[in-house]
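[1] Take this sequence and fold it.
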Amino acid sequence: MANAASGMAVHDDCKLRFMELKAKRSYRFILFKIEKQQVVVDKLGLPTESYDDFTASFPVDECRYAVYDFDYITDENCQKSKIFFIAWSPDTSKVRMKMVYASSKDRFKRELDGIQLELQATDPSEMSLDIVKERAF
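    Just a heads-up that it's a prediction; the model follows:
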């Protein structure tokens with residue numbers, strides 16, 4: 001396990017699953033949560049799952065980190081893919097939880113080599129598919 005400056009460890013499984021998403025496209029998305037002072041995998045989304053399935057996976061009142069493999073077609077008709085990192089921090093979550101996630105985010109993100117875009121969201125509208133599409137192009 002990697003040890004963070006904030007005292008937050010990153011479970012090896014997080015990096016392993018991320019590499020599988022990036023290299024083999026084994027998953028459409030991965031949700032991560034902080035549990036007992038370490039970041040662990042919370043949920044793996046199958047390659048067949050939609051963006052709606054992804055957004056429905058977030059708890060309403062708890063913070064999460066997530067990565068999403070977004071496929072799209074360019075104006076030149078080329079198939080492309082970008083990996084989004086999403087920091088989910090709903091207004092309804094506890095202040096302490098928001099602080100822990102905020103202070104550990106950059107360190108955790110550095111562990112995942114290959115993230116292309118980042119979104120911060122406090123409610124579902126801030127990570128809508130339209131926003132993701134807009135950022136990807």
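[2] Which elements pack onto the top helix by length along the chain?
    With secondary structure taken from DSSP state H, the chain has its longest helix at helix 95-111. If you count contacts as 3 or more C-beta pairs under 8 Å, 6 or more residues apart in numbering; DSSP states H and E, helix 95-111 packs onto strand 9-10, helix 12-19, strand 29-35, strand 64-73, strand 79-88. All C-beta atoms are positioned from the backbone trio N, CA, C, and that covers glycine.
[3] just the angle between that helix and strand 64-73, please?
    With axes from the mean of the first three to the mean of the last three C-alpha atoms, to 10 degrees defining the directions, helix 95-111 sits at 50 degrees from strand 64-73.
[4] Buried by neighbour count: which residues of helix 95-111 qualify?
    Residues of helix 95-111 classed as buried: 97, 100, 101, 104, 105, 107, 108, 111 (neighbour count, 16 or more other C-beta atoms under 10 Å).
[5] On the strand side of things, show who the residue nearest to the spatial centre of the chain bridges to.
    Most central in the chain under C-alpha atoms, centre = their mean is residue 66, positioned 1.5 Å from the mean C-alpha point. Taking DSSP bridges as the rule, residue 66 bridges to residue 31, residue 86.
[6] what bits of this protein have low per-residue confidence?
    The chain contains residues with pLDDT under 70 at 1-7.
[7] farthest residue from the center of it?
    The C-alpha centroid of the chain is most remote from residue 76, which lies 28.1 Å away (C-alpha atoms, centre = their mean).
[8] which residues sit in contact with that residue?
    If you count contacts by C-beta atoms under 8 Å, 6 or more residues apart in numbering, residue 76 has none.
[9] Can you classify it by secondary structure?
    At residue 76 the chain is in coil, as set by DSSP: H, G, I helix; E, B strand; the rest coil.
[10] Over to it: give its phi and psi.
    Phi and psi for residue 76, reported as degrees, to the nearest 10, are phi -90, psi 10.
[11] What separation do you get for it and residue 130?
    For residue 76, the distance to residue 130 equals 21 Å [C-beta to C-beta, to the nearest Å].
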